[in-house]
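Trainee: Coordinates only, no sequence provided:
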């Protein structure tokens, strides 16, 4: 199993990527995992020299170019064919890697993944998922921003892709699917959600549990929540910022108390995206996972674990099977 | 100034209403405020007897009927004309009260307010606003769920109504208006937001500051955020539940620490909707404010303060002026 890791994606690249890859290999439960660091070979080598006991599974694949935040996502494949993103995805497509992980520009990774790995038959608009912390287990929200103006059939596809992901990458045997809406009853919502409700309800291949209101999300009674990318994107960004806002309030309060012996590490950890292993692009002919640009090594480490699990469990094959009739 | 308060709205009615009205009158800065408790006279009287030194400004207006959660909102005016909601709104319409406050069924209060107080000329779809706590000052999000499937012109109307409310009821001289969207640049978003952006930008009567992403909301750089009621409702309910979720995590953590001397009252207060005085229905020929069914006396108290401020400042007149060309 080989995972191509874009080494030039984070704000601290390639430092976080190199450290995350080393962490992942040290903690790997099986010895068959290799991480291919894709990017500027000189920079990566220099970074590796700062680490002791670099695990055997680390390799480097040189990519001379790099995608920056101001590069137009749609033209990255054409204009920057030797960038770490495009080279890494090509390795995956050509079978030299089994998955791709990047913390680079979200738009560029999405566009290049779509172009290189292609949608699976039956998938009209590949979605991006995001794992949200809840009072129960993590919940996959999709689409988190790749598709605006979805049709009901798209949301049904998201439900199937999300279910396959939660089964294969997260070990949930029978994922409960909810439809994000403004009321619990079947007739609630806008045209999109009313029609989607009917389609989801009559789909025997899904464990559909009904409408999910904004207040239900954190209860953790769902494994998969489907919605249009407009509301999904706003919700995702809002969640991250609200958590940060509340923790800031807390920190200010705790700083005012001397000798506070309250350990908030646990609370911070629950809300820390670094734990959750990136946002998967679903419905493609390959495994592509996007991390935050600000990812610390731990986040890269977790994304690599999730990618390995997705490969080992046969996510792409199972995703394709969701659309075979 | 007389405010009609539905005494039968909260889960603990009329206890929270009576206590909230007494609190509001005790703290009133001017002596001209009266609160008319609308509802079952016997129950209200019994509740009042449990309080010492009831202020002079408390009155009772008997309403024999009551709206329950399972009454269909749209038919409340016709089927329950003697309910506390319909009677209270009629007092306001007939000039016997200057504003109406209720913690009853949101849908019923909205429908009855719309029917009784009528939309102002130029207002197609009266919105409901909600005040969100941010790192800065409170921010009014509208529409919070009254209108699904809005057109660009509706969002522009919301911007005007929200601006008038923040000026008159919240004392913000030049309210900054943001458009909730999935990116900062003008061309971002769906059809609705792209077209709305152009209309807001060319409207000289607004202080439009551009697109606001999900992550910007808690920064508090806006006074008014406009959006369709679908995303507004999901966001609002999500915010309330996320705040509760994080505080639950914290409480569990703090309970595990003996002799913790951390005072989280401040944090809780920032996140406590009781402080914020209810959700105003805007664009009507009167002042109508909806509180949570679970409102404690403090929330009722604050809603009464906000209603009084809206009346005193001439909110309805100023709202109407926003649509005079």
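Mentor: Arrived safely. Note that the coordinates shown come from a computational prediction; the quantities given were computed from them, not determined experimentally.
Trainee: Quick one: low-confidence residue ranges for the stretch 151-300 of chain A.
Mentor: For the stretch 151-300 of chain A, the stretches flagged by pLDDT under 70 are A:253-275.
Trainee: now with 90?
Mentor: A:183-188, A:218-220, A:237, A:239-278, A:292-294 (pLDDT under 90).
Trainee: got the contact list for the most centrally placed residue in chain A?
Mentor: For chain A, residue A:279 is the residue whose C-alpha lies nearest the centre (C-alpha atoms, centre = their mean; 1.1 Å). Applying C-beta atoms under 8 Å, 6 or more residues apart in numbering or on different chains to residue A:279 gives the contacts A:106, A:128-131, A:144, A:289-291. Placement of C-beta: from N, CA and C, glycine included.
Trainee: Now, those residues that are in strands?
Mentor: Among the contacts of residue A:279, the residues falling in strands (DSSP state E) are A:129-131, A:289-290.
Trainee: I'd say residue A:162 and residue A:315 touch.
Mentor: No - using C-beta atoms under 8 Å, residue A:162 makes no contact with residue A:315, being 11.6 Å away.
Trainee: These two: which has the busier surroundings?
Mentor: Higher neighbour count among residue A:162 and residue A:315: residue A:162, with 30 against 23, using other C-beta atoms under 10 Å in any protein chain shown.
Trainee: For the more buried one, what is the enclosing helix or strand?
Mentor: helix A:152-168 (DSSP states H and E).
Trainee: and that helix, how far out from the chain's middle?
Mentor: 14 Å (C-alpha atoms, centre = their mean, to the nearest Å).
Trainee: Please apply the same query to stretch A:12-19.
Mentor: 18 Å.
Trainee: likewise stretch A:88-96?
Mentor: Stretch A:88-96 sits 19 Å away from the centroid of its parent chain (C-alpha atoms, centre = their mean).
Trainee: coming back round to it: strand partners of the helix or strand following the helix holding residue A:162, parallel vs antiparallel please.
Mentor: Note on helix A:152-168: by DSSP H and E, the next helix or strand toward the C-terminus is strand A:176-180. Paired strands of strand A:176-180, with direction, are strand A:207-212 (parallel), strand A:224-226 (parallel) (DSSP bridges).
Trainee: tell me which residues in the very next helix or strand once past the shortest one are buried?
Mentor: The reference is to strand A:224-226. Beyond strand A:224-226 in the direction of the C-terminus, DSSP H and E gives the next helix or strand as helix A:229-255. Under the neighbour-count criterion of 16 or more other C-beta atoms under 10 Å in any protein chain shown, helix A:229-255 has A:229-243, A:245-247, A:249-250, A:253 buried.
Trainee: could you check whether helix A:229-255 is close to chain B?
Mentor: Yes - Helix A:229-255 reaches chain B (C-beta under 8 Å from any C-beta of the partner chain) through A:229-231, A:233-250, A:253-254.
Trainee: OK, contacts around residue A:186?
Mentor: By C-beta under 8 Å, 6+ apart, the residues touching residue A:186 are A:194, A:197-198, A:201, A:210-211.
Trainee: one more time with 10 Å
Mentor: A:179, A:193-194, A:197-198, A:201, A:210-211 (C-beta atoms under 10 Å, 6 or more residues apart in numbering or on different chains).
Trainee: Now restrict the residues you listed to buried residues only.
Mentor: A:179, A:193-194, A:197, A:210-211.
Trainee: Flag the shaky bits of the stretch 1-150 of chain A, pLDDT-wise.
Mentor: For the stretch 1-150 of chain A, the ranges with pLDDT under 90 are A:27-32, A:53, A:69, A:132-138.
Trainee: Count the neighbours of the closest residue to chain B within it for me.
Mentor: Going by C-beta to the nearest C-beta, chain B is nearest to residue A:148 of the stretch 1-150 of chain A, at 4.9 Å. Per other C-beta under 10 Å, the neighbour tally for residue A:148 reads 19.
Trainee: quick one: it is in a strand?
Mentor: No - assessed with DSSP: H, G, I helix; E, B strand; the rest coil, residue A:148 is coil; it does not lie in a strand.
Trainee: pretty sure it is in contact with residue B:193, am I right?
Mentor: Yes - assessed by C-beta atoms under 10 Å, residue A:148 is found in contact with residue B:193 at 9.3 Å.
Trainee: Quick check: neighbours shared by these two?
Mentor: Here residue A:148 and residue B:193 have A:230, B:182 as joint contacts, going by C-beta under 10 Å, 6+ apart.
Trainee: ok, and the closest non-adjacent residue to residue A:304?
Mentor: Once flanking residues are discounted, residue A:304 sits nearest to residue A:24: 4.1 Å by C-beta to C-beta, 6 or more residues apart in numbering or on different chains.
Trainee: Pull the contacting residues for the one you found.
Mentor: A:3, A:5, A:33, A:35, A:55, A:57-58, A:101, A:297-298, A:300-305, A:307-308.
Trainee: Might you specify the subset of those located within helices?
Mentor: Those of these mapping onto helices are A:297-298, A:300-305, A:307-308, per DSSP state H.
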